[in-house]
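K.L.:
with the input below, show me the fold.
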Amino acid sequence: MSEFEPRDEYRDLFENAPCGYLTIGSDGRITKVNATLTAWTGIEKDKFAGRRLHQFLNIAGRIYYETHIAPLLRMQGFFNEFALDFETAAGERLAVIANAAERRDGDGTLLFTAVVVIKATDRRRYERQLVDSRTELQKGLATERETAKLREQFIAVLGHDLRNPLAAISAGARILQRSGALQEHKHLRVLDMINTTVTRMSDLIDHILDFARGRLGGGITLSRDAKPLEPVLEQVVDELRTASPQRVIETTFELTERVNCDRTRIGQLLSNLIGNALTHGAADQPVRVGAKTDSGKFKLWVANAGEPIPAAAMERLFEPFFRGDVRDSRQGLGLGLHICWQIAQAHGGRLDVTSTPDETRFVFTMPLVP
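P.N.:
This is a model prediction of the structure:
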């Protein structure tokens, strides 16, 4: 087997190197090009000779070469890792990474410039994917900002635009009741119905607003203090006794320590739990409400008799808009228990439920000090 002469080895290394290689004379014109680059481009060697490098680049590459690369090469004598696009004989784009360095003699006279090009199709495709991904991310961020804006508008509508007409209706009904203008029994019943409906609609708005804040905004907001909590609990129970005079609500409160909490939110939680018990509990049995402080914790529970909650429903009980087996329209949107769960979470506590044929009990537990 014959061996290459050193000159043949150098020639083979030049021609068949795994990279494109060309030299540019001191006049800026190509003098040599290896077989690898001609194979990649499909352009014959004699068509490279005597021409300038930028003539083989696409339009964008020509502009970039003349405005950035060539001045940098003249200034410092080299450039590294510039992305260029050659145009092949077939009119296709060949993505490459190019390095170049000048060769000078002992007097500093420029002899030629050596340029090495490496195929970078996969790398450039990956870079473009990164750019596209960043563009999509920026679009996503813009969408998120727009969503946040719409979210705030949505909450504003719930908190303001829907409440105002309800307040006007409620105020009008109260004025008529106080003025005595309507004396007939049927008229008074209509006013009572209007007031009850306004209260119900206001509760629904509160639930939707809390849901929007919890799921779309920053969560349930709290305004904590350590003022006595029992008066708030008593007031909630009294309001529900008035609203459901035919039902019995029994209470046992043993609050020997102050509870650092948002009293309004705790009242809301209790109101929702009692309302749930009144709706689903046995009508001939009392709803039992209790609260106590013990061992550094505050516990609040609501229990009722009646049919137990089905196992399938227990798994989804605190999900928004879950209503289980609807018994009547008083269940509303199915947000009450979800709001209770959010209030418990916001207080660093938990809301548990047990349900047997004898009793269904909801228990809220939280630390006395956050």
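K.L.:
which stretches in the stretch 1-150 of the chain count as helices?
P.N.:
6-16, 35-41, 45-48, 59-64, 70-76, 121-156 (DSSP state H, counting those that start in this stretch).
K.L.:
again, but for the stretch 151-300 of the chain
P.N.:
163-179, 185-216, 230-243, 263-280.
K.L.:
now the helices of the stretch 1-150 of the chain as JSON lines including mean pLDDT, distance to residue 348 and mean neighbour count?
P.N.:
C-beta: built from backbone N, CA, C; applies to glycine. As requested, the helices of the stretch 1-150 of the chain are exported to JSON lines (pLDDT from 0 to 100; distance: least, CB to CB, whole Å; neighbours: other CB atoms under 10 Å):
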{"stretch": "helix 6-16", "mean pLDDT": "81", "distance to residue 348": "72", "mean neighbour count": "12"}
{"stretch": "helix 35-41", "mean pLDDT": "94", "distance to residue 348": "66", "mean neighbour count": "18"}
{"stretch": "helix 45-48", "mean pLDDT": "93", "distance to residue 348": "75", "mean neighbour count": "14"}
{"stretch": "helix 59-64", "mean pLDDT": "88", "distance to residue 348": "59", "mean neighbour count": "15"}
{"stretch": "helix 70-76", "mean pLDDT": "89", "distance to residue 348": "61", "mean neighbour count": "13"}
{"stretch": "helix 121-156", "mean pLDDT": "74", "distance to residue 348": "24", "mean neighbour count": "11"}
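K.L.:
could those go into CSV alongside distance to residue 111?
P.N.:
What follows is these, written out as CSV (distance: least, CB to CB, whole Å):
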stretch, distance to residue 111
helix 6-16, 16
helix 35-41, 21
helix 45-48, 19
helix 59-64, 25
helix 70-76, 14
helix 121-156, 31
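K.L.:
which among these is found nearest to residue 281?
P.N.:
Across those, residue 281 has its closest neighbour in helix 121-156 (33.3 Å, CB to CB).
K.L.:
about what we covered before: how about the helices of the stretch 1-150 of the chain, which one is nearest residue 24?
P.N.:
Closest among the helices of the stretch 1-150 of the chain, using CB to CB: helix 70-76, at 9.4 Å.
K.L.:
of all the helices of the stretch 1-150 of the chain, which one is nearest residue 108?
P.N.:
helix 70-76 (13.6 Å).
K.L.:
could I get the average pLDDT for the strand of greatest length in the chain?
P.N.:
Secondary structure of the chain per DSSP state E: the longest strand is strand 93-104. In this model, strand 93-104 has a mean pLDDT of 91.
K.L.:
how about stretch 229-242?
P.N.:
Stretch 229-242 comes out with an average pLDDT of 89.
K.L.:
and if you look at stretch 107-120?
P.N.:
Computed over stretch 107-120, the average pLDDT equals 91.
K.L.:
which residues are in contact with that stretch?
P.N.:
19-26, 31, 37, 40, 53, 73, 83-84, 86, 94-105 (CB atoms under 8 Å, 6 or more residues apart in numbering).
K.L.:
please apply the same query to stretch 22-38.
P.N.:
For stretch 22-38, the external contacting residues (CB under 8 Å, 6+ apart) are 14-21, 44-45, 48-53, 109-115, 117.
K.L.:
now the longest strand of the chain, how far from the centre of its chain.
P.N.:
For strand 93-104, the separation from the chain centroid amounts to 45 Å (computed by CA atoms, centre = their mean, to the nearest Å).
K.L.:
list the helices and strands that strand packs on?
P.N.:
Judged by 3 or more CB pairs under 8 Å, 6 or more residues apart in numbering; DSSP states H and E, the packing partners of strand 93-104 are strand 78-87, strand 110-119, helix 121-156.
K.L.:
if we use 7 Å, what do you get?
P.N.:
If contacts are counted by 3 or more CB pairs under 7 Å, 6 or more residues apart in numbering; DSSP states H and E, strand 93-104 sits against strand 78-87, strand 110-119.
K.L.:
perfect, that will be all.
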